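*Asks:* the sequence and its predicted three-dimensional model are supplied below.
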Amino acid sequence: MFAKFLKFLIALALLPLLAAELWTLFEIARDTAARGTWSDTWVLFLIAGSAIWLLIFLLLPRPMWLYVLGHEFTHALAAMLAGGKVTAFKVTSKGGHILTDRVNWWIALSPYFVPIYAFIWVALWLSINFYFPLNKWQPVLFFGLGLFWCFHVTFTASMFHLRQTDLTSQGIIFSLVIILVFNLAVILAPASLLTHNLKGAGQTFVHCVSQSYVFTGREIGRGADWALKQWHDQHQK
C-alpha cells in the first residue's frame, strides 16, 4: 500500500513534466510550420507509413497474434534488462503472458510505451547499413518507422483498459502518467529533427520543463497560503 502511495506522489511530481512535453511539441509544431519543413522527404514517408498502417488497421483483419507477440516479448526483454529470469512465454491471438522472477513498473508498463517493432526495424536497418550502406534507401527507413510506430499506437489504444493487471498492479494514476510521459518522449525525439536545430529543440524542452515546474511550485505556494489563511481565520472566530 505504501509503495502505491509513493508511486502516486511520483505521478503527481511528473505531471509538470508531462505538461512540458506537450508544450515543447506545440512549440516545435509552430516552428516547423514557420519553416515549412513538413515537406521534407523523410517527413512525408513517415506520414505515409503511418497512413498505410492506419488503413490496414481499420479495413483489414487485425494481426492480433503479432501484437501479442510484441507485447509479451517487450515484457520479457524488460525483465531480462532488469536482471530477471523469464521461465515461461506464451502467445496466442487471444492473449499471452510471461513468468518471471522479478516484477516492477518497468517490466509491467514497458509494452505500453516501447514501440518494439519500430526499434527492431531500426536495429535491422543499422545492422544492414553497417555492411551495405543504405543512404539511398533512407525513405524506406522512415516509411517503416511510421508504419511500426502507428502499429504501436493503434494497438495500444485499442487494447487499453483501466482494469488491466499491468496497470492496476502499479496504480492506475502512476501507470497512466508513466505511459504518457514515455510515449511523448518517443514522439519528441523525431519531432525535434523537424526544427533542423537539435540544440535549439533541447533548449526549448529545458525551458518548458523549468517554467512548468516554476509555475506548479508557485501555484502550490499560493494554495498553501490560502489554506493557512482559511485555517487562521477559522481559529480566530
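*Replies:* Ah, there it is. Numbering: from 1, shown residues only.
*Asks:* how about the contacts made by the most centrally placed residue in the chain?
*Replies:* Nearest to the mean C-alpha position of the chain, by CA atoms, centre = their mean, lies Asn183 at 1.2 Å. For Asn183, the contact set (CB atoms under 8 Å, 6 or more residues apart in numbering) comprises 112-113, 153. Where you see a C-beta, it was placed from the backbone N, CA and C, and this is true even at glycine.
*Asks:* let's see it at 6 Å
*Replies:* Contact partners of Asn183, counting by CB atoms under 6 Å, 6 or more residues apart in numbering, are Phe113.
*Asks:* hang on, it in a helix?
*Replies:* Yes. Assessed by DSSP: H, G, I helix; E, B strand; the rest coil, Asn183 belongs to a helix.
*Asks:* separation between it and Val177?
*Replies:* Counting by CB to CB, to the nearest Å, the separation of Asn183 from Val177 is 11 Å.
*Asks:* the strands in the protein, which residues?
*Replies:* Applying DSSP state E to the chain gives strands spanning 86-92, 95-100.
*Asks:* what does stretch 120-135 rub up against?
*Replies:* Residues outside stretch 120-135 that contact it (CB under 6 Å, 6+ apart) are 141, 144, 148.
*Asks:* out of those residues, the closest to Leu25 would be?
*Replies:* Phe148 (20.4 Å; CB to CB).
*Asks:* just checking, that closest one touches Tyr117?
*Replies:* Yes. The criterion here is CB atoms under 6 Å, and Phe148 meets it with Tyr117 at 4.2 Å.
*Asks:* turn the strands of the chain into JSON lines, including distance to Ile28, mean neighbour count and mean pLDDT.
*Replies:* Listed next are the strands of the chain as JSON lines, based on distance: least, CB to CB, whole Å; neighbours: other CB atoms under 10 Å; pLDDT from 0 to 100:
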{"stretch": "strand 86-92", "distance to Ile28": "37", "mean neighbour count": "13", "mean pLDDT": "92"}
{"stretch": "strand 95-100", "distance to Ile28": "37", "mean neighbour count": "16", "mean pLDDT": "90"}
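*Asks:* for the ones you listed, give me CSV that also has distance to Val214.
*Replies:* Converted to CSV, the strands of the chain look like this (distance: least, CB to CB, whole Å):
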stretch, distance to Val214
strand 86-92, 44
strand 95-100, 41
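*Asks:* so how far is the longest helix belonging to the chain off the chain centroid?
*Replies:* As assigned by DSSP state H, the longest helix anywhere in the chain is helix 198-236. Mean-position distance between helix 198-236 and its chain equals 25 Å (CA atoms, centre = their mean, to the nearest Å).
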